[in-house]
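Peer 1: have a look; sequence and predicted model below, questions after that.
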Amino acid sequence: MTRPRRSLFIKYFVTLFVAVVTPLMLGSATEAWFAFRDNRLDLNELLQVEARSAADRIQAFTDGIRDQLGWVVQFPWTQGEDERRRIDGLRLLQQVPAIVSLSMVDPSGTERVFVSRVSMNRTGRGADLSTDPAVVGARANRVWYGPVHYQRDSEPYMRIAVAGNRAAAGVVVADINLKLIWDIIAAIKIGDTGHALIVDDTGRLVAHPDISLVLRSGAGAGDFDSLKSVVSAANGSAVATTGEDGKPVVALSVRAPNVGWTVIAELPVREAFESIRAALWRSLVLIAIGIVFAFVLAYWRACRMWGPIRQLEAGVERIGMGQFDHRVTIESGDELQQLAIRFNQMAEELGASQQKSERINRLKQFLAPQVAELVEHSDQRLLDAQRREVVAIFGDLRGFTAFTARARPDAILAVLRQYYEAVGAVTARHEATLIRFAGDGVMVLVNAPVACANPAHRGIRLAIDMQAAVQSLAGAWNADGCAIGFGVGVAMGPATVGTLGYQGRLDYTAIGNVVNLASRLCSLADDGQILVDPVVTEHVRDSVALASIGERAIKGYDHALEVFAVVRKYAPIRHFDHPFHPANVRPAAAACAGSAPKLAPADAG
Amino acid sequence: MDRRDFIAFLGAAMAWPSAAFAQDSAKVYRIFWVSTDSQPDPFLAGFREGLRARGYIEGKNVTFELHYAPGNPQALREVVSELRRGNIDLAVSSGPATRAMTAVTDVPVLFALSGDPVELGIVNSLGEPGGNFTGSTFLSLELAGKRVELLKEAVPTVRRLAVFSNTLHPGEQSEWRATSEAARALGIETVYVPFAGKNELDKGLAAAGDARADALLVFPDVLTMVHRAKIADFAIAHRLPSIFGWGEYCDAGGLLSYGANQRATYFWLATYADRILRGEKPANLPVFQPTKFELVVNLRTAERLGIDLDKSSILFRANRVIE
């Protein structure tokens, strides 16, 4: 029982899920795609601006140093001015914090003045620097930027040499501590978590907001080199790659042309696409809400279905158990309510039909099946008590009591069964009412409860057929050695008819003199004889041959009554092999008379 | 490329922002402070200040366990074994105490060293320490000669220089050698005035007074730092131009000082301490060298000594002038 209900829920859920979540997902995906494209453009622009700005600041840093160095190479070297040059150098150190030491080289390429923040200063003729690449470079291009070198493989340094506009002015070579670029790089904030970094041509880190990465002896240089090559390959547009800390970043590179460094601006993907991310998460939450919504709605709808379905189920069960008065109440205002209404109608009709079939079954006890149907389908009041003209027919076996005393029980029952069948068949054929069997006796009523045309005629025909049927049976029985005969009494007159019974056991019966009369006539009748009262005789005289057997005193009647017998067209069978002694007849008649009160309860009263 | 980017980005975007702070806020970090100097310790104060600036509150998420063995690195051996047993997050050793710590291998050690940590064998290289040691080196030896040069610059008449040195301060001998070499190159005679610890300080000063010197050079260390006022007053009283290692000496009345900014150095050490407590390995934190050297001049002292500094290059080179 549970499984189909769950499947109903699943069906609802899937439908709602598809209806709610699919459009949401499609919408989110489309939105994400377009937002991503727009964001990419913005990002490109932002990173470009930041990287360009960083490169400009680096340029400004080196240009500033270059310009400052230009001051000390304005005048040509003359004799004995080392002291003045030394002061110039010291002032330059004071002015430019990044310069760690200065060498002033005269036109011949000899170092004349050396000033330093750390080492001892020197003046006077020093080492010959004329082949030093810094001096050579500066003489060739006026400005020379050296490669980045790392003091003790840790601190990044760089030499810058500047020559005067005349060879006589000499050359100044400055050692620059690049750690001071850190101030510039650290100051560049891209978004909240982005940063800029500088990589030199060899791929080694020159500047990074985390200075310890720079000082790390070039450890991880490979990472920066590959980052540089990946980002440089994009030619100034942003690429998504992996940053130095292994997290995904969007990066863009710009070259600082004078020193040949690459400035890389990085923004973690997380922040770069924060807005889309937020939108995606919102969509996810919406989708989740949609799922919950679909779930709740499906559950609710399924519940709305289960209730009525359960009611209907229970209804079917109770109807199945025969409680036809059970009714289902569903007020959903939809097809289910309609179904419930139809169900109730069905139950009602089933109940009516059941009652009807019960009644028919009851009627069939004493009516021919077709009569029963007729009664059922016509007026119900047919069975009500009423007084009407009826024909009562009584039949009774002769010699049955003696037979029962001799015969085996199964033989007795076999005889009775054949007898009942024959009588029943005849009664049904004539659409008469079989009131009941009682042992070897039978009572049949004509014209009640179903009225018929010419009841007397029908009654006498029935009696004749019944006699004939039983006689043919009796022939077979006698052949077996049982001396059994059959007598019939027919009477017509007014009687009270109706159903009578106690605690569900109902019988249809007739009460009145006519019943007693028919019973007495039956008792009087010999084997094979049909005795008829004067009323019936009066009605059928034209069509059936009747002969008066004289007046007889009937119990319950004040004076003797003329009794007629149907003229037999055939001889009783028993006379051929077994003489029927009058002595044998009496006890049978007595037995028949004895059974009469059982057939007609009114007789007792 | 767009689509590939988009898919990569989707993956990154869906990742829930992981908690950025690995720092366990409930945890109380235990820091061992190991020093061969004596209290009061201005370096400890600087370090504490640095940690406070990083958001550490002493007693709440950090506790200090101070171990001092003035002038006696041997006494620190016990401390080292205690360090091995205890649940210590970080040890900080200032100066020569670092030598006693070389046996420590399982606890991160931060040092502030005047000498060369590579020579001492506690780091593989300045860039990649590679072990459990990292910190800062002051380049004191190089600056020792520079101080003599600056003194000569300020007072060109200097002929005889008294060098006042605490012999309990390890490395003092190499500093003395660097100083005397520089003085010889500048044509200055040196008088070595040693003293052993706090108890001999007054005796040492008396000896310096008797040295017939015309200038005084004091090696920077915690003891002279703590007694800087006394030493500066002594120099003024004996009309000796003086040069020291750190600016604090000049604040107390010294004439000149040249050296790395101690406060900046200890601030930097606090930064490293923070990074180590957050889980970074000392092996990956390069040894830091000071970039900025401060020249401090006390003009009031110069005036009291009758020295005219206007003619020299000292004043325009000074980072700070006390007037």
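Peer 2: Good, I have the coordinates. Numbering: from 1, shown residues only, chains lettered A, B, ... in the order given.

Peer 1: show me the shaky parts of chain A.
Peer 2: A:1-6, A:217-220, A:363, A:365-381, A:503-506, A:569-605 (pLDDT under 70).

Peer 1: can you list the residues of it near chain B?
Peer 2: A:32-33, A:36-37, A:40, A:87, A:90-91, A:93-94, A:97, A:117-121, A:150, A:152-155, A:177, A:179-180, A:212, A:215-219, A:239-240, A:248, A:269-270, A:273, A:276-277, A:280 (CB under 8 Å from any CB of the partner chain). C-betas here are computed from N, CA, C, even on glycine.

Peer 1: would you map the helices across the stretch 51-200 of chain B?
Peer 2: Ranges of helices within the stretch 51-200 of chain B are B:76-85, B:97-100, B:117-120, B:140-154, B:172-185, based on DSSP state H, counting those that start in this stretch.

Peer 1: give me whichever of those helices is most buried.
Peer 2: helix B:97-100 (a mean of 25; mean count of other CB atoms under 10 Å in any protein chain shown).

Peer 1: contacts for that helix next, please.
Peer 2: The contact list for helix B:97-100, computed with CB atoms under 8 Å, 6 or more residues apart in numbering or on different chains, reads B:34-37, B:69, B:73-74, B:76-77, B:79-80, B:93, B:109, B:111, B:113, B:117, B:120, B:122, B:133, B:135, B:170.

Peer 1: same question for stretch B:152-161.
Peer 2: With contacts defined as CB under 8 Å, 6+ apart, stretch B:152-161 is touched by B:148, B:151, B:183, B:186, B:188-191, B:211-217, B:241, B:255-256, B:297, B:302, B:307, B:309, B:312-314.

Peer 1: what does stretch A:296-314 give?
Peer 2: Residues from elsewhere that reach stretch A:296-314 (CB under 8 Å, 6+ apart): A:1, A:5, A:8-9, A:12-13, A:15-16, A:328-330, A:332, A:336, A:339-340, A:343.

Peer 1: burial count for the residue of the stretch 151-300 of chain B found nearest chain A?
Peer 2: Nearest residue of the stretch 151-300 of chain B to chain A, counting by CB to the nearest CB: residue B:286, 3.4 Å away. Counted by other CB atoms under 10 Å in any protein chain shown, the residues lying close to residue B:286 total 24.

Peer 1: residue contacts, it?
Peer 2: Going by CB under 8 Å, 6+ apart, residue B:286 touches A:154, A:212, A:215-217, B:126-129, B:134.

Peer 1: export those residues to TSV and tack on distance to residue B:201?
Peer 2: Formatted as TSV, the contacts of residue B:286 follow (distance: CB to CB, whole Å):
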residue	distance to residue B:201
A:154	37
A:212	39
A:215	38
A:216	42
A:217	42
B:126	34
B:127	39
B:128	41
B:129	36
B:134	33
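
Peer 1: neighbour-wise, which of these leads?
Peer 2: The contacts of residue B:286, ranked by neighbours (other CB under 10 Å): first place residue B:134, 30 neighbours.

Peer 1: partner residues bridging that residue?
Peer 2: Taking DSSP bridges as the rule, residue B:134 bridges to residue B:110.

Peer 1: pretty sure it sits against residue B:271.
Peer 2: No. Applying CB atoms under 8 Å as the test, residue B:134 and residue B:271 come out as separate, 11.5 Å apart.

Peer 1: please indicate which of the contacts of stretch B:152-161 are buried?
Peer 2: Among the contacts of stretch B:152-161, those classed as buried by 16 or more other CB atoms under 10 Å in any protein chain shown are B:148, B:151, B:183, B:186, B:188, B:190-191, B:211, B:213-217, B:241, B:255-256, B:297, B:302, B:307, B:309, B:312-314.
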